[in-house]
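A.B. asks: what's the 3D shape of this:
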Amino acid sequence: MLPPSIPKTFLALFLTVSLTSCLAREYVVRPPAPTLLPTTPNPLSSATESTVSFPVQVDLSPFIHATNDDSVIPKKFDHWRNPIKHPKGAEYKYYAERDDFAVAPSGSRQASSTNSGTMLRDWWKGIEPLSSSLSISTALRYKIGAHPLQCGDGTEWPKRGTLNGNLTVGMTPNYGVSASVTGVTLNAIDPCKISINDTDVYQEVKNQLTERVRVGLSNAVARINALTARSRVEEVWHTLRNPIQLEPDAWLLLNIGNVWHSGFFSGGGDLIDDTIHITAKPVLVFGAKPPSAGGALPQLETEPASTGFHGAADAQLYGTLPRTLANQLASTGFNVVADIPLDYPSLSRSLAARLQGKRVAVKGDFIHITDAAILGRGGNQVVLRIAFEGDATGHLYFVGKPEMNTLTQSVQIGGLRLDLDSEQLLQKSGPDWLARSSIRELVMGDAVLGVTPAIDRMRDLVTKALNRELSPAIATQGTVTSVQGIGVFADVNALYVRLMTDGSLSLKVDGKQ
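C.D. replies: This is a model prediction of the structure:
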């Protein structure tokens, strides 16, 4: 018979075994880190085409001096003492004198018709002179005689009118200025009405005066055709080819391309203005100074630039526009694309702040998250390391691909899943309840990365680029209207947020915008 103390010994042994069994259920989960994937280059940037614009001025004073040279265009037209015989037998005489020609402001000529029935395709005709036509004008005093009639002589002196010369002024592909005479008109303020033998004497005098002025103007425009804007455009072109340093390791590359122009415009003096536009695909790059882009100045495009019209109806309307007006309607926005890096330590601190202390429970078992980190894996994937304590202790690794949510302007982790080693460890060693838990859904819901730091840096860098001196004669001036994320890419070093800014940019050349 066993002594009375033996049952107590068995009881103590049973309790010890039971306690050991409970302690064994506190799982330790420590899978290895995921292997790095082969390096994948960042996707190429699809930079948006932008426009950089700057003014050029052409001095027409040599042309104006020629028009006011009495040997080119007479100041006086005197046929008062030498009557002219018309083929129909009528004889008439006239005398006219003019003041100096001066350039008229663009747009001063009114449209020939304001008929409300004008077709839509003709809406531009009233403003076409703003970009392609140049007018010069002068005051005219005159008198006409046809025996026995006279107009403007004696006490009626003088009859008044204006002489107007109209020219088309453009630019050649080599940036030379080209001009041709399109017409000369005499507009009478005090018209004379004299007719003899079915001959409109006043019209005959007008024809003779305008023809003599037209011949003189055709000779004078040779002074315009000798002018060029090439040196100015070339100076700007070579300046814009160079990288623009914004920070010690940040550069703006404009990637300039085609060159076109709006058309000449006159403010009424001897100087006429045009606006040169250069297409660009601006990007921000980081690191060492990149090489200059682009080559020699290309020829000026004489066809209209794209206006951003879409569809057959718009294309039909666009086709009716004058070239220079179509160029005026072209988009002049300035868009910069850049991949701004966000470092993983900063992202990890933000992620940990959202996840720390959160609890995952399955029936009577639970864990709570103690830390979280985000790491680059390569191959445009990231790794989330989630540490925890509770009925299981250790960490798990999740992998996924960063994706840009353009509506919320945030980065989410698409296809988030357990890494293969983490998944196999849970399957082999447990705990099975952790494998069935909602930890993935919890992490996925909080793994939303804000891109505000990248947006702020992008705005700051582009603002620096838009308001700075590029050379003693050339400076940029512009504004940033918006910055938005358009893509994201991960490598082992950083998470790169692709951003695009919308804004405007113009150049000041010698202080003129």
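
A.B. asks: any stretches of the stretch 151-300 of the chain with poor pLDDT?
C.D. replies: Along the stretch 151-300 of the chain, the model assigns pLDDT under 70 to no residue.

A.B. asks: which residue ranges of it form strands?
C.D. replies: Ranges of strands in the stretch 151-300 of the chain, per DSSP state E, counting those that start in this stretch, are 159-171, 177-188, 195-196, 199-200, 244-247, 250-253, 256-261, 265-266, 271-280, 283-286.

A.B. asks: turn those strands into JSON lines, including distance to Asp456 and mean neighbour count.
C.D. replies: From N, CA and C alone the C-beta is placed, and that goes for glycine too. JSON lines is the format used below for the strands of the stretch 151-300 of the chain (distance: least, C-beta to C-beta, whole Å; neighbours: other C-beta atoms under 10 Å):
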{"stretch": "strand 159-171", "distance to Asp456": "42", "mean neighbour count": "21"}
{"stretch": "strand 177-188", "distance to Asp456": "46", "mean neighbour count": "17"}
{"stretch": "strand 195-196", "distance to Asp456": "80", "mean neighbour count": "15"}
{"stretch": "strand 199-200", "distance to Asp456": "76", "mean neighbour count": "16"}
{"stretch": "strand 244-247", "distance to Asp456": "14", "mean neighbour count": "16"}
{"stretch": "strand 250-253", "distance to Asp456": "14", "mean neighbour count": "22"}
{"stretch": "strand 256-261", "distance to Asp456": "28", "mean neighbour count": "20"}
{"stretch": "strand 265-266", "distance to Asp456": "40", "mean neighbour count": "22"}
{"stretch": "strand 271-280", "distance to Asp456": "24", "mean neighbour count": "20"}
{"stretch": "strand 283-286", "distance to Asp456": "14", "mean neighbour count": "18"}
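
A.B. asks: export the ones you listed to CSV and tack on distance to Arg230?
C.D. replies: Shown next, in CSV, are the strands of the stretch 151-300 of the chain (distance: least, C-beta to C-beta, whole Å):
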stretch, distance to Arg230
strand 159-171, 10
strand 177-188, 10
strand 195-196, 54
strand 199-200, 49
strand 244-247, 24
strand 250-253, 25
strand 256-261, 11
strand 265-266, 20
strand 271-280, 11
strand 283-286, 28
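
A.B. asks: and those: which comes nearest Glu389?
C.D. replies: Counting by C-beta to C-beta, Glu389 lies closest to strand 283-286 out of the strands of the stretch 151-300 of the chain; the figure is 40.1 Å.

A.B. asks: mind giving me the packing neighbours of that closest one?
C.D. replies: strand 250-253, strand 333-343, helix 452-466 (3 or more C-beta pairs under 8 Å, 6 or more residues apart in numbering; DSSP states H and E).

A.B. asks: Ile244 is nearest to which of these?
C.D. replies: Distance to Ile244, taken as C-beta to C-beta, is lowest for strand 250-253 among those, at 4.2 Å.

A.B. asks: what are the pairing partners of that closest one, and which direction each?
C.D. replies: Using DSSP bridges, the strands paired with strand 250-253 in its sheet are strand 244-247 (antiparallel), strand 283-286 (antiparallel).

A.B. asks: residues in contact with that strand: which ones?
C.D. replies: 243-246, 282-286, 289-290, 293, 336, 461-462, 465 (C-beta atoms under 8 Å, 6 or more residues apart in numbering).

A.B. asks: residues contacting Arg232?
C.D. replies: For Arg232, the contact set (C-beta under 8 Å, 6+ apart) comprises 56, 509.

A.B. asks: cool, the one 10 residues further on as well?
C.D. replies: In this structure, Asn242 makes contact with Ser292, judged by C-beta under 8 Å, 6+ apart.

A.B. asks: and it, how far from Leu461?
C.D. replies: Asn242 is 17 Å from Leu461, where distance means C-beta to C-beta, to the nearest Å.

A.B. asks: now do Tyr92
C.D. replies: Taking C-beta to C-beta as the measure, Tyr92 falls 75 Å from Leu461.

A.B. asks: show me where the stretch 51-200 of the chain has its helices.
C.D. replies: 61-67, 129-132 (DSSP state H, counting those that start in this stretch).

A.B. asks: the residue lying closest to Trp157 once chain neighbours are set aside: how many residues sit nearby?
C.D. replies: Closest residue in space to Trp157, ignoring its immediate chain neighbours: Lys143 at 6.0 Å, by C-beta to C-beta, 6 or more residues apart in numbering. Lys143 has 20 neighbours, counted by other C-beta atoms under 10 Å.

A.B. asks: identify the residues contacting Lys143.
C.D. replies: Here Lys143 is in contact with 80, 94-96, 150-153, 156-159, 192 (C-beta under 8 Å, 6+ apart).

A.B. asks: tell me which of the contacts of strand 250-253 is nearest to Asn207?
C.D. replies: Pro282 (56.3 Å).

A.B. asks: what is the neighbour count of the nearest residue to that closest one once chain neighbours are set aside?
C.D. replies: The shortest distance from Pro282 to any non-neighbouring residue, by C-beta to C-beta, 6+ apart, is to Val336 (4.4 Å). A total of 28 residues lie near Val336 under the criterion other C-beta under 10 Å.

A.B. asks: in the sheet, who's paired with Val336?
C.D. replies: Bridge pairing for Val336 - DSSP bridges - gives Thr501.

A.B. asks: that older thread, need the winner for burial among the helices of the stretch 51-200 of the chain.
C.D. replies: helix 129-132 (a mean of 22; mean count of other C-beta atoms under 10 Å).

A.B. asks: mind listing the helices for the stretch 301-450 of the chain?
C.D. replies: According to DSSP H, counting those that start in this stretch, the helices that the stretch 301-450 of the chain contains are 312-319, 323-328, 344-355, 420-429, 432-435, 439-446.

A.B. asks: pick the most buried one from those helices.
C.D. replies: The most buried one of the helices of the stretch 301-450 of the chain (mean count of other C-beta under 10 Å) is helix 323-328, showing a mean of 22.

A.B. asks: so the nearest residue to Gly89 once chain neighbours are set aside versus Glu204, what's the distance?
C.D. replies: Leaving aside its chain neighbours, Gly89 sits nearest to Asn197 (5.5 Å; criterion: C-beta to C-beta, 6+ apart). According to C-beta to C-beta, Asn197 stands 12 Å off from Glu204.

A.B. asks: about what we covered before: adding distance to Val29, write the strands paired with strand 250-253 out as TSV.
C.D. replies: Formatted as TSV, these follow (distance: least, C-beta to C-beta, whole Å):
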stretch	distance to Val29
strand 244-247	44
strand 283-286	39
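
A.B. asks: which one of those strands lies nearest to Asp502?
C.D. replies: strand 283-286 (14.6 Å).

A.B. asks: how far off centre is the closest one?
C.D. replies: Remark: strand 283-286 is offset 17 Å from the chain centroid, using C-alpha atoms, centre = their mean, to the nearest Å.
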